[in-house]
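S.K.: My questions are about this predicted structure, shown below with the sequence.
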Amino acid sequence: MENTQVSAKKIIINYGLLLGIVSVVFGVILYVTDSYMDQNWMHSLIGFLILIGAIVYGIKAYKTANGGFLTLGEGIKVGIGIALVGGLISVVWTLLLMQVIEPDMMERMAEVSREKMQEQYPDFTQEQLDQSAAMAEKFSSPFIISAFSLLFNLFFGFIFALVASLVMQKKQTFN
């Protein structure tokens, strides 16, 4: 029996592009419906499901192309690769949105955040609100948000790839 190892590159690129495109479409829907400013748990859940779906289907496609065999390492490599490609596409969308399409988005987000803080903590003084806003502003540049978004994608991509690979792994035996 011949040991033919399928290259993961094509699957990583295809499913990473799929992840990126679906994520951008979801982002465009949030932007068009003006839901970017007031995201809730449902938006996060949909984002997780998109990430999980792309990784699981990508690993399954790799396993199928590899004759039904998959090692833990291969599955993790494919999953993280998909998360990386999809995350990079999402970062490009985020930067395009915040720098070109809606350059005042960060100021609007800061205003919404400040209003929510005043509602949640009515006892805060103006000085406390200003300190909280200043701290939030340090972490809300488009590049910081993009970096955290990519790290988030890679971290959860690793977790989902690990679980999916553990479930789907099947090592090839040579007799």
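M.R.: Okay, I see it.
S.K.: where in this structure is pLDDT low?
M.R.: 1-5, 173-175 (pLDDT under 70).
S.K.: Would you map the helices across it?
M.R.: For the chain, the helices defined by DSSP state H occupy 8-32, 41-65, 72-96, 105-120, 126-138, 142-168.
S.K.: Show me what the first one is packed against.
M.R.: Spelled out, that is helix 8-32. helix 41-65, helix 72-96 (3 or more Cβ pairs under 8 Å, 6 or more residues apart in numbering; DSSP states H and E). Backbone N, C-alpha and C define where each C-beta goes, glycine included.
S.K.: now do the third one
M.R.: Contact here means 3+ Cβ pairs under 8 Å, 6+ apart; on that basis helix 72-96 packs against helix 8-32, helix 41-65, helix 142-168.
S.K.: Look up how far residue 123 lies from the residue positioned nearest the centre of the chain.
M.R.: When the chain is reduced to its mean C-alpha position, the closest residue under Cα atoms, centre = their mean turns out to be residue 153, at 3.7 Å. With distances taken as Cβ to Cβ, to the nearest Å, residue 153 is found 37 Å from residue 123.
S.K.: Count the residues that sit near the residue nearest to residue 162 when sequence neighbours are not counted.
M.R.: Residue nearest to residue 162 in three dimensions, not counting chain neighbours: residue 76, with 5.9 Å by Cβ to Cβ, 6 or more residues apart in numbering. Residue 76 has 18 neighbours, counted by other Cβ atoms under 10 Å.
S.K.: list the contacts for residue 76?
M.R.: Contact analysis of residue 76 by Cβ atoms under 8 Å, 6 or more residues apart in numbering lists 158, 161, 162, 165.
S.K.: Adding neighbour count and distance to residue 42, write those out as CSV.
M.R.: Shown next, in CSV, are the contacts of residue 76 (neighbours: other Cβ atoms under 10 Å; distance: Cβ to Cβ, whole Å):
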residue, neighbour count, distance to residue 42
158, 15, 24
161, 25, 24
162, 15, 26
165, 24, 28
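S.K.: I'd like those laid out as CSV, including distance to residue 97.
M.R.: Converted to CSV, the contacts of residue 76 look like this (distance: Cβ to Cβ, whole Å):
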residue, distance to residue 97
158, 26
161, 27
162, 31
165, 33
